[in-house]
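Engineer: Mind folding the following:
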Amino acid sequence: MQAISRLATAFGLAVAVALVTASPASAGVAQPAQVSTDPADVTPDVDDGAVYKVLQVGDTLYAGGFFSSVTKGATVARRNLFSFDVTTGAVHAFAPKVDGVVWALASDGTSLYVGGDFTAVNGVARRGLAKLDLTTGAVDRNFDAHLDGKVRDAVFSGGRLIIGGTFAKRLQAVDPATGADTGYVDLGISGSVDPGAGPTKIQRFAVDPAGTRLVAVGNFTTVSGQPRWRAFVADLGPSSAAVDAWNYPPLAQPCSSERIDYVRDVDFSPDGTYFVMVSTGFVPLPGQLGTAICDAAARFETAVPNPTQPTWINYTGGDTLHSVVVTGAAVYVQGHNRWLNNPLGADSAGPGAVPREGIGAIDPNTGLATDWNPGKGRGVGGMDLLATPQGLWVPSDTEHIGGETHKRIAFFPL
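Structural biologist: Sure, this is the predicted structure:
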């Protein structure tokens with residue numbers, strides 16, 4: 001159903017719509033309520049750099065990014081990847097040495113797949129993607145994808161390991177045992193939104209819990225010979241993936257910033273009926289308000305193949321949102337935002353804006369900010385959020401959240 005959006009008013013309304021039924025959310029993890037605003041006390045501190053990605057496997061949380069040491073009582077060296085117990089915060093002996101930034105983590109429950117900007121792990125040459133033992137961190141030497149670029153995201157779904165990044169195919173499925181391209185994904189992703197936008201790439205992608213659809217965002221203009229600027233949906237069939245009819249032509253428009261590659265992250269609802277994307281780009285150009293996704297979060301219905309506008313848009317008023325996760329009770333967003341509900345702001349608080357520093361939550365049905373407002377250091381902005389049945393993990397590049405000191409990783413329990 002195509003909803004009707006409306007401009008914000010002085011009473012705090014974001015550009016939003018109301019014609020949406022209540023439904024749950026985060027890639028299969030629906031939560032019954034918003035999480036606490038009081039972060040748990042047990043998490044370790046990451047002493048420098050930033051945590052860009054987290055993944056929970058059983059009682060262990062894996063964290064990747066760009067850092068050199070971690071402290072929980074004692075300080076230990078950890079090079080861009082470490083793990084710890086989610087209950088006690090105790091840092092595990094797992095200590096692989098990754099020689100570059102870690103952006104992606106995925107697991108089949110028996111191994112850890114690590115993606116990023118690196119060229120070697122534990123001295124073993126592996127460009128962009130490696131398979132590690134979950135406990136020891138040892139490199140599986142039988143797995144080598146032989147990539148020619150970086151990996152920015154990875155998902156293990158339906159027995160397939162799907163990766164996205166700057167390598168030749170930009171999106172591909174690799175054999176979980178050998179790393180060889182299975183040929184399942186062959187979408188012909190090409191083009192650049194502008195000569196200054198950098199390499200063609202998949203920035204982030206999400207797979208619905210049923211494993212039948214994938215939505216990807218990044219820097220590209222064509223998928224399988226069809227125009228798809230900055231975002232596309234793919235249907236995941238039994239033997240191959242194919243580009244879906246979903247297309248949102250306003251994504252071909254720039255925002256007012258020179259940051260032309262502006263869509264940053266995306267997440268499906270757990271029933272797969274909608275997804276939410278977040279962006280940078282500063283504010284919309286004249287006439288674009290309500291359709292342009294610029295420094296904003298926007299909801300789309302999966303079943304509407306050619307929307308003329310999102311179901312709702314919530315604008316920050318000129319601050320980047322880097323990450324999003326949907327939980328049913330809320331759509332959590334993180335970046336270096338200062339406000340939400342701020343469509344008329346331009347690096348300022350416009351009519352109706354509400355303060356939401358570094359992190360916030362949006363009602364998935366109305367598109368308006370909820371009352372959840374722990375606050376955190378803004379920094380560049382956190383690049384990931386992870387919802388679990390127990391709560392919300394918040395990796396970032398800052399040290400203060402919820403009025404407490406939690407260096408670069410925090411957890412809000414339900």
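
Engineer: Please identify which helix or strand holds the spatially closest residue to residue 176 that is not a sequence neighbour.
Structural biologist: With CB to CB, 6 or more residues apart in numbering as the criterion, residue 176 has its nearest non-adjacent residue at 4.9 Å, and that residue is residue 161. C-beta here means a position set from N, CA and C on the backbone, and glycine is covered the same way. Residue 161 belongs to strand 160-165 when assigned by DSSP states H and E.

Engineer: same for that strand, what does it pack against?
Structural biologist: Counting contacts by 3 or more CB pairs under 8 Å, 6 or more residues apart in numbering; DSSP states H and E, strand 160-165 is packed against strand 102-107, strand 111-116, strand 151-157, strand 171-174, strand 201-207, strand 213-219.

Engineer: State the mean pLDDT of it.
Structural biologist: On average, the pLDDT along strand 160-165 is 98.

Engineer: Distance from the chain centre to it, please.
Structural biologist: Relative to the centre of its chain, strand 160-165 is centred 14 Å away, using CA atoms, centre = their mean, to the nearest Å.

Engineer: Report the angle between that strand and strand 102-107.
Structural biologist: 170 degrees (axes from the mean of the first three to the mean of the last three CA atoms, to 10 degrees).

Engineer: so what's the residue nearest to residue 176 bridging to?
Structural biologist: residue 156, residue 174 (DSSP bridges).

Engineer: Double-check it against residue 154; I have them as touching.
Structural biologist: Yes - the pair formed by residue 161 and residue 154 meets the contact definition of CB atoms under 8 Å, at 6.7 Å.

Engineer: Can you read off the backbone torsions of residue 265?
Structural biologist: The phi/psi pair for residue 265 (degrees, to the nearest 10) reads phi -160, psi 160.

Engineer: So in terms of bridging, what pairs with it?
Structural biologist: residue 278.

Engineer: and it, what does it touch?
Structural biologist: By CB atoms under 8 Å, 6 or more residues apart in numbering, residue 265 lies in contact with 203-204, 217, 277-278, 321-324, 383.

Engineer: swap in residue 388?
Structural biologist: 29, 56.

Engineer: How much space separates it from residue 30?
Structural biologist: Relative to residue 30, residue 388 is positioned 11 Å away (CB to CB, to the nearest Å).

Engineer: Repeat that for residue 275.
Structural biologist: From residue 275 to residue 30 the distance is 15 Å (CB to CB).

Engineer: so what sits against both of residue 161 and residue 154?
Structural biologist: Residues touching both residue 161 and residue 154 (CB under 8 Å, 6+ apart): 106, 113.

Engineer: Including distance to residue 184, mean neighbour count and mean pLDDT, could the helices and strands packed on strand 160-165 go into a markdown table?
Structural biologist: Formatted as a markdown table, the helices and strands packed on strand 160-165 follow (distance: least, CB to CB, whole Å; neighbours: other CB atoms under 10 Å; pLDDT from 0 to 100):
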| stretch | distance to residue 184 | mean neighbour count | mean pLDDT |
| --- | --- | --- | --- |
| strand 102-107 | 16 | 25 | 98 |
| strand 111-116 | 16 | 26 | 98 |
| strand 151-157 | 11 | 23 | 97 |
| strand 171-174 | 4 | 24 | 98 |
| strand 201-207 | 13 | 24 | 98 |
| strand 213-219 | 11 | 25 | 98 |
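
Engineer: so how far is residue 255 from the residue nearest to residue 176?
Structural biologist: Per CB to CB, residue 161 is found 33 Å from residue 255.

Engineer: if you count what's nearby, which of these two comes out ahead?
Structural biologist: Legend: neighbour count by other CB atoms under 10 Å for residue 161 and residue 255, higher for residue 161 (26 against 22).

Engineer: show me what contacts the more buried one?
Structural biologist: 106, 108, 113, 154-155, 173-176 are the contacts of residue 161 under CB under 8 Å, 6+ apart.

Engineer: before we move on, back to that, looking at residue 275 and residue 30, which has the bigger crowd around it?
Structural biologist: Taking other CB under 10 Å, residue 275 and residue 30 do not tie; residue 275 has more neighbours (26 against 19).

Engineer: contacting residues for the more buried one?
Structural biologist: 206, 215, 266-269, 299-300, 302, 326.

Engineer: one more time with 10 Å
Structural biologist: By CB atoms under 10 Å, 6 or more residues apart in numbering, the residues touching residue 275 are 25, 27, 206, 208, 213, 215, 217, 231, 233, 246, 266-269, 298-302, 324, 326.

Engineer: And for residue 81?
Structural biologist: When contacts are counted by CB under 10 Å, 6+ apart, residue 81 touches 51, 53, 62-65, 67, 94-98, 102, 105, 112, 114, 116, 118, 121, 130, 132, 137.

Engineer: and if you look at residue 215?
Structural biologist: Residue 215 neighbours (CB under 10 Å, 6+ apart): 204-208, 231-234, 244, 246, 266-268, 272, 275-277, 300, 302.

Engineer: at 8 Å what do you get?
Structural biologist: By CB under 8 Å, 6+ apart, the neighbours of residue 215 are 205-206, 231-234, 246, 266, 268, 275, 277.

Engineer: Max pairwise distance over those residues: which two?
Structural biologist: Within the contacts of residue 215, 234 and 277 form the most distant pair, 15.1 Å apart (CB to CB).

Engineer: Any figure for the gap between residue 251 and residue 301?
Structural biologist: Relative to residue 301, and taking CB to CB, residue 251 is found at 16 Å.

Engineer: Check residue 277 too.
Structural biologist: In terms of CB to CB, residue 277 sits 13 Å off from residue 301.

Engineer: Which one of these two is surrounded by more residues?
Structural biologist: Ranked by neighbour count (other CB under 10 Å), residue 277 and residue 301 place residue 277 first, with 26 against 18.

Engineer: Am I right that residue 250 is in a strand?
Structural biologist: No - checked against DSSP: H, G, I helix; E, B strand; the rest coil, residue 250 lies outside a strand; its state is helix.

Engineer: What residues does it make contact with?
Structural biologist: 288, 291-293, 309.

Engineer: of the residues you listed, closest to residue 222?
Structural biologist: Nearest to residue 222 out of those is residue 293 (CB to CB; 19.5 Å).

Engineer: A strand includes that closest one, no?
Structural biologist: No - judged by three-state DSSP, residue 293 forms no part of a strand; its state is coil.
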